[in-house]
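In: how does the following fold in three dimensions:
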Amino acid sequence: CNGQVRIMENTVANAEKYFGQFCTLMAAYTRKTAKLRDKSDLLVKQLIDYANTENPELRSTMKSFAEELAKVQDYRQAEVERLETKVVEPLKRYGTQFKQTQAEIKRVNKVRNNEIKQLEKLERLRQKSPSDRHTIAESNVHKASIDASRTTQQLEETIDEFQKQKLKDIQKIFLDFVTIEMVFHAKALEVYSSAFQNLDSYDLERDMEDFRAKIHIASGNYDARPVSATNPSSTLPWSTSSQVRETQQYCISTFPTCIGLVSLDRGRQPRGRAPNTARAPFRSSTQGNRPCSCSPLLAPTPTGAGGPQDPLPQRMATTYVMGQSKTCLYAQLEFQLGLLSFTGTTPCLEVCTTQLVAESCN
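Out: Numbering: from 1, shown residues only. From the prediction side, this is the model:
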């Protein structure tokens, strides 16, 4: 019987030891998962902040990636809550159950020890041989034996139920753990697959074209060499035809919704005379609310001493609106609106936002 109780004690002690370790480790696992969720949330915030500083194509890609990563953290939050409810809490409850089972074993041991004491007392009385005392002792021994048998049977039933419940619970706890992880990783894999496709479809070349065009404009890298003209309508005072095409392509690719065009006088200059003038250098400035101020491409000069000044053609000015900065480009741009020219002797053309006429690029 002592061996039986010892087996019961060892069973409970072994379960208490390992269930306690499982509880500690699973609680730490859950906390680490929650910390990973928090760090990922910070990463999402940084991705959005970074995306707002980049070119349109990368900005859209990074924001989409951040949104996908945020979805994963929502699933991770659900994972943390389920781990706490279905794994950590059941393991915690076993601490109380272990104490109750150990108390039951101690009670049975106490009853068994009482039976042993009564037997020893009966043996001593038999040696002294008083008949009345002997009878009383036998009665006490019988009673102690019945109590011991009853408590031992109860303990066996308790330990049997404890062992059965322990095996079922350990199975269920880790089945729940695996299910929670499978659900999370399945959902995460679905979201990460979408994020991968989004990142993989990123068009680097579009952003590079946009970047190079901005560098080109910001540096004012235009052909400003004097050009002798015999026909104002056919000269290219500020850009070659290839630059015109590049400018038009850049405008269409960078601003797909609209192009701001300064619509000047459409009247063409008479083709009879060619102005004998030098082109004024290009200059641009951004002060206050005025987008820019550009010097005339062709300065008016007198046709003779004291004669009237000839109005000379001013080529179309195209204004690109990029955030807070405005850049004026003077060039002979001949596309769907036709050749636009300015007739007058104004020494400087003021280009203002109110003069913009929206033209669809679609």
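In: would you map the helices across the stretch 1-150 of the chain?
Out: The residue ranges that make up the helices of the stretch 1-150 of the chain, judged by DSSP state H, counting those that start in this stretch, are 2-51, 56-83, 89-128, 131-200.
In: contacting residues for the closest residue to Tyr94 other than its chain neighbours?
Out: Take Tyr94 and drop its neighbours on the chain: the residue closest to it by CB to CB, 6 or more residues apart in numbering is Phe19, 4.8 Å away. Quick note: C-beta positions are derived from backbone N, CA and C, even for glycine. Contact criterion CB atoms under 8 Å, 6 or more residues apart in numbering gives Leu91, Tyr94, Gly95, Phe98, Ile170 as the residues in contact with Phe19.
In: likewise for Glu68?
Out: Glu68 is in contact with Val191, Tyr192, Ser194, Ala195, Asn198, counting by CB under 8 Å, 6+ apart.
In: remind me which residues of this protein are low pLDDT?
Out: Scanning the chain for pLDDT under 70 picks out the ranges 1-2, 111, 114-116, 118-148, 218-362.
In: let's see 80
Out: Applying pLDDT under 80 to the chain picks out residues 1-5, 107-155, 217-362.
In: need the contacts of Glu68 in a markdown table (columns: distance to Gln163).
Out: A markdown table is the format used below for these (distance: CB to CB, whole Å):
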| residue | distance to Gln163 |
| --- | --- |
| Val191 | 43 |
| Tyr192 | 43 |
| Ser194 | 48 |
| Ala195 | 48 |
| Asn198 | 53 |
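In: which of these are buried?
Out: When burial is judged by neighbour count using 16 or more other CB atoms under 10 Å, the buried members of the contacts of Glu68 are Val191, Ala195, Asn198.
In: from those, pick the one nearest Ala51.
Out: Asn198 (12.5 Å; CB to CB).
In: now, which of the buried ones among the contacts of Glu68 sits nearest Arg107?
Out: Proximity of the buried ones among the contacts of Glu68 to Arg107, judged by CB to CB, is greatest for Val191, which lies at 55.5 Å.
In: that closest one touches Lys71, doesn't it?
Out: Yes. Applying CB atoms under 8 Å, one finds Val191 in contact with Lys71, separated by 4.9 Å.
In: how is this structure divided into domains?
Out: Using automatic domain parsing, the domain ranges for the chain come out as 2-202, 207-359.
In: pull out the buried positions in stretch 203-218.
Out: Judged by neighbour count (16+ other CB under 10 Å), stretch 203-218 contains these buried residues: Asp207, Glu209, Asp210, Ala213, Lys214, Ile217.
In: can you check stretch 159-170 too?
Out: Neighbour-count burial for stretch 159-170 [16+ other CB under 10 Å]: Ile159, Phe162, Lys166, Asp169, Ile170.
In: again, but for stretch 174-186
Out: Buried residues in stretch 174-186, counted by 16+ other CB under 10 Å: Asp176, Phe177, Ile180, Phe184.
In: ok, now stretch 71-86?
Out: Of the residues in stretch 71-86, those with enough neighbours to count as buried (16+ other CB under 10 Å) are Lys71, Val72, Gln73, Tyr75, Arg76, Glu79, Val80, Arg82, Leu83, Glu84, Lys86.
In: pretty sure the fourth one is touching Leu189, no?
Out: In other words, Tyr75. No. Judged on CB under 8 Å, Tyr75 makes no contact with Leu189 at a distance of 10.4 Å.
In: count of neighbours near the nearest residue to Arg59 once chain neighbours are set aside?
Out: The shortest distance from Arg59 to any residue other than its chain neighbours is 4.7 Å, reached at Ala51 (CB to CB, 6+ apart). Using other CB atoms under 10 Å, Ala51 has 18 other residues around it.
In: what sits against Ala51?
Out: Residues in contact with Ala51, defined by CB under 8 Å, 6+ apart, are Leu58, Arg59, Ser60, Thr61, Met62, Lys63, Ala66.
In: mind listing which of the buried residues of stretch 203-218 are in strands?
Out: The subset of the buried residues of stretch 203-218 located in strands under the criterion DSSP state E is empty.
In: for the residues you listed, which two are the farthest from each other?
Out: Using CB to CB, the pair of the buried residues of stretch 203-218 lying farthest apart is Asp207 and Ile217, separated by 15.7 Å.
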